[in-house]
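Trainee: using only what follows, build the 3D model:
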Amino acid sequence: MPKRKAPGKTTWLGWVFLTLYAGALVYCVIALILHSVWTALGFGLFAAAIAASSVFTIMKFRRLRASRQVDDIGTFARSVPIRELDTWVIRATYEEVAVYLGTEKEPFPVRPSDRLKEDLEIDGEDLWDIVFAIVKRCGRTLDDFEKNPLYTKMKTVEDLIRVVMWQKKTEAAEPEHPCDGLPARA
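Mentor: Residues are numbered from 1 along each chain as shown. Have a look, this model is predicted:
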């Protein structure tokens, strides 16, 4: 299975556009604030709500990480029915979700029973990006993904594994046997 590829770094041109966008946003907010005190109060309350939500989310993930200090890919693999599932899909799912929630150097300890939306707070768009990365690494195809009967029932990380398992393998996905191409014994 190919190693997980880190996303590309932002180029200098990307930073220029980001700076221009941020500057325009700040200009618009200042113009609205100067226009009305009520607008300023609304922006302040909105910013406070976003900040409080972010703090609660960070605290939640710190508590989860602290309670799972010994969890790793081995713990994850032992928690799923390994004989029913493709080990490539198990590994790719763990790595993609763990790095999405953590970092390359410090992946988040994921469990198969973790609920994608409620526990891990992965929204639909990010989940689609994770599914795409898993499918690509495992040599599966996204053809007829909407017809996947498990797609609408995907609630946990283990469900995510099963959804990817249902997808067909590409022809290049079959690992080559180490003895292929060797002359037969006489």
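
Trainee: got the domain boundaries for the chain?
Mentor: Domain assignment for the chain by automatic domain parsing gives 12-67, 73-170.

Trainee: please enumerate the helices of the protein.
Mentor: 12-35, 37-67, 73-78, 87-101, 124-138, 157-166 (DSSP state H).

Trainee: would a markdown table of the ones you listed with mean pLDDT, mean neighbour count and distance to residue 145 be doable?
Mentor: To be clear about C-beta, it is placed using only N, CA and C from the backbone, and glycine gets the same treatment. What follows is the helices of the chain, written out as a markdown table (pLDDT from 0 to 100; neighbours: other C-beta atoms under 10 Å; distance: least, C-beta to C-beta, whole Å):
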| stretch | mean pLDDT | mean neighbour count | distance to residue 145 |
| --- | --- | --- | --- |
| helix 12-35 | 84 | 10 | 30 |
| helix 37-67 | 87 | 11 | 29 |
| helix 73-78 | 90 | 14 | 24 |
| helix 87-101 | 91 | 22 | 15 |
| helix 124-138 | 88 | 17 | 8 |
| helix 157-166 | 90 | 21 | 9 |
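
Trainee: what's residue 43 in contact with, if anything?
Mentor: Counting by C-beta atoms under 8 Å, 6 or more residues apart in numbering, residue 43 touches 29, 32-33.

Trainee: quick check, nearest of those to residue 101?
Mentor: If you rank the contacts of residue 43 by distance to residue 101 using C-beta to C-beta, residue 29 comes first, at 30.7 Å.

Trainee: isn't residue 116 right up against residue 128?
Mentor: No: the criterion here is C-beta atoms under 8 Å, and residue 116 misses it with residue 128 at 11.5 Å.

Trainee: re earlier: now tabulate the helices of the chain in CSV and tack on distance to residue 112.
Mentor: Shown next, in CSV, are those (distance: least, C-beta to C-beta, whole Å):
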stretch, distance to residue 112
helix 12-35, 36
helix 37-67, 15
helix 73-78, 7
helix 87-101, 9
helix 124-138, 14
helix 157-166, 4
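
Trainee: residue 3: which of the domains of the chain is closest?
Mentor: Of those, nearest to residue 3 by C-beta to C-beta is domain 73-170, at 8.4 Å.

Trainee: what about the closest one, how long is it end to end?
Mentor: One end of domain 73-170 to the other measures 25 Å (C-alpha to C-alpha, to the nearest Å).
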